[in-house]
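J.: kindly return the folded structure for what I paste below:
(chains A and B)
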Amino acid sequence: MKVIGIIFKYLSVAVVLTIFVGPMIWVGINSLKPTPELLGTPSFLPKKVTFEHYKHLFNRIAFLRYYRNSFIVGVVTATVTAVAGAFAAYSIFRCKYPGRGFLYRFFISSYVFPKVLVLVPLYIMFSKIGIIDTPLALVAAHVMLIAPFSVWILRAFFQNVPVEIEEAALIDGAGRVQTIFKIFIPLAAPGIAAIWINAFLMSWSEYLFASTLVISDSTKTLPVGMAYFLQEYAIEWGIMMAGSVLIAIPPIIGFAFAGKYFVQGLTAGGIKE
Amino acid sequence: MKRISSVILKDPTFGLLLVLPLLLWVAVTLLYPAVDAVRISFSNVRYVGLPIKYVGLTNFKHVLSEREFWDSVIRTVIWSVSNVALQLVGSLGVALVLNQEYKGKEFIRNWIILPWVLPTIVLAIVWKWILDPTHGVANYILIRLGIVERPIEFLSSTTWTLPTAILLNCWRWIPYFSVIVLAALQTVPKELHEAAAIDGASRWKRFTHITLPFISPVLKVIALNSLLWSANIFDTIWLLTRGGPLDHTTTLPIYIYSKAFRSFRFSEAAAAILMFLGLLLLVIIYLRILFKEEGAQR
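T.: Here you go, the predicted structure:
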């Protein structure tokens, strides 16, 4: 009876993993199969390992350019988000002035707010001021999508930084700004790093705004660029497999570093609400 | 000590100065455009830059008279309700499985969220490949097992596409919600389960009488979030099917997007979005009140 229980337990875990993690591993393996094998009868392990699809990714399509575009937009978005988000969070959770509770609620609701509403007005606004189809337009939109969320994540982090240390520094005659840079930021660094990574990953994945605000091939980000090849009648499967592996790498690395923080953040929020 | 710091901390200009950059950014890119959306919906914007003419309720009337609009409303309801139901049951199931004691549980509980971490374009490539009628492994297995004779067109037949898209969206969100349910399950006191087990309560009884009541507030939050997010899903559907075949997966976000960026009827799109969000808001408020009353009765 006990043995059956154990078997059932591991079997159930294995089924869950196969469903949710299996597909990505399958694609990773397939990206290494030569085309005839890839399109022939499926076998689990490749009979012959090849990197030809990865090579084609760089030779035959503008993958590197999309990658670079996504990377630039992601880094700028993440940096602006981290700085503006940390400032705002410090102000809301550390300074006393009337209306900061309202500001907090304002940022939270702007995070939950369905952003489809502003897609058309933003498109029109960016066209009028002439930044449509530039990385700047996309950064502007991405910071709006992501930064309010970072205020929320930072809440838990900032609460863990004791106010007393800051107070001691202030009493010792350090200025307010000096206290922030010398005392607070080093202590809150893991939190700020976590929101930087999170913002980069959200920007890296974002499709809706990217597909409307950047249009020409030279400014396209990865999701938009790859989506174009996915709708073709004859999809180049090998290239798509290799592409999806390379797109998945930054999120996997980012999650390995900061995953535990944003899982904490999201579970705390989910339970508290 | 407290007194000194509170004097310094009370300086309001410093605090406001710090919050200003983000506040301005959100005001310019979210608040102003949101108001602008209302203005656009009452005017006739067809080309960017042309002078705006106010047309009253014309756009709303036009959208409401379209069959495609009502079809996508119905599809949005089907899409959202099945997504919420499957995600609730699925995330509870996955959380219960992962909540057992097994080797490597820390690692697995952390990484189960992978489908949610990956960009939607990866989801689209991965599943389009697996479900491909000629080369996909899913149809290969189904045929080898003798379940079907001819490959199923998962993402291009009118019967299968909507159910497939719903399941794939669940594939993405179940891990996310199951992580939240898992955290909630840790708050259920072990002593209660042990005591009930000694009293001879079956596993099922313990689940329905102890576990479920304990985590039901979290499940309600999940249901609300899942509803709000499912109704708004655009990229998953668009990248998998572009709303097809023959509009069979055109939910409201897809309808609105096509209206704005394929037909370039910006004003009608804005009118449709406002009606969509109004409807969504009503449903969410109604559910919140419903949940609160239930909670009060207990």
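J.: going by C-alpha atoms from here, please, whenever you check contacts or count neighbours.
T.: OK.
J.: the strand or helix carrying residue B:168 near chain A at all?
T.: Element membership of residue B:168, judged by DSSP states H and E, is helix B:161-185. Yes. Counting by Cα under 8 Å from any Cα of the partner chain, chain A is contacted by helix B:161-185 at B:171, B:175, B:179, B:180, B:183, B:184.
J.: with stretch B:285-292 instead?
T.: No. Stretch B:285-292 lies out of reach of chain A by Cα under 8 Å from any Cα, never closer than 12.1 Å.
J.: the nearest residue to residue B:241 once chain neighbours are set aside: what secondary structure?
T.: In space, and not counting its chain neighbours, residue B:241 is closest to residue B:155: 6.6 Å by Cα to Cα, 6 or more residues apart in numbering or on different chains. Of the three states, residue B:155 takes coil under DSSP: H, G, I helix; E, B strand; the rest coil.
J.: show me what contacts residue B:248?
T.: By Cα atoms under 8 Å, 6 or more residues apart in numbering or on different chains, residue B:248 lies in contact with B:158, B:161, B:162.
J.: isn't residue A:39 right up against residue B:137?
T.: No. When contacts are counted by Cα atoms under 8 Å, residue A:39 is not listed as touching residue B:137 (10.1 Å).
J.: mind checking which of these two has more residues around it?
T.: Neighbours were counted for residue A:39 and for residue B:137 using other Cα atoms under 10 Å in any protein chain shown; residue B:137 has more, 19 against 15.
J.: so what's residue B:127 up against?
T.: A:23, B:168.
J.: ok, residue B:161 next?
T.: B:153, B:154, B:155, B:241, B:245, B:248, B:249.
J.: which single one of those is nearest to chain A?
T.: Nearest to chain A among these, counting by Cα to the nearest Cα, is residue B:241 at 8.8 Å.
J.: isn't that closest one right next to residue B:157, touching?
T.: No. Look at residue B:241 against residue B:157 with Cα under 8 Å: they stay out of range, at 10.5 Å.
J.: okay, these two: which has more neighbours?
T.: The neighbour count for residue B:241 versus residue B:157, taken as other Cα under 10 Å, is higher for residue B:241 (22 against 14).
J.: any residues touching stretch A:209-225, and which ones?
T.: A:63, A:65-67, A:69-70, A:119, A:123, A:132-135, A:137-138, A:141-142, A:204-207, A:247, B:119-121, B:261.
J.: element containing residue 25?
T.: Using chain A. Assigned by DSSP H and E, residue A:25 belongs to helix A:22-30.
J.: nope, chain B
T.: helix B:12-26.
J.: burial measure for residue 132, as a count.
T.: Went with chain A since none was named. Neighbours around residue A:132, by other Cα under 10 Å: 20.
J.: nope, chain B please
T.: 19.
J.: repeat for residue B:64
T.: Neighbours of residue B:64 using other Cα under 10 Å come to 15.
J.: distance of it relative to chain A?
T.: Residue B:64 sits 18 Å away from chain A, going by Cα to the nearest Cα, to the nearest Å.
J.: return the set of buried residues in the helix or strand hosting residue A:14.
T.: Counting by DSSP H and E, the element that carries residue A:14 is helix A:2-20. Residues of helix A:2-20 classed as buried by neighbour count (16 or more other Cα atoms under 10 Å in any protein chain shown): A:9, A:10, A:12, A:13, A:16, A:17, A:20.
J.: in contact with the fifth one, which residues?
T.: With Cα under 8 Å, 6+ apart as the criterion, the residues that contact residue A:16 are B:94, B:97.
J.: and if you look at the first one?
T.: With contacts defined as Cα under 8 Å, 6+ apart, the neighbours of residue A:9 are B:97, B:100, B:102.
J.: filter these down to the ones close to chain A.
T.: Okay, of the contacts of residue A:9 touching chain A (Cα under 8 Å from any Cα), that's B:97, B:100, B:102.
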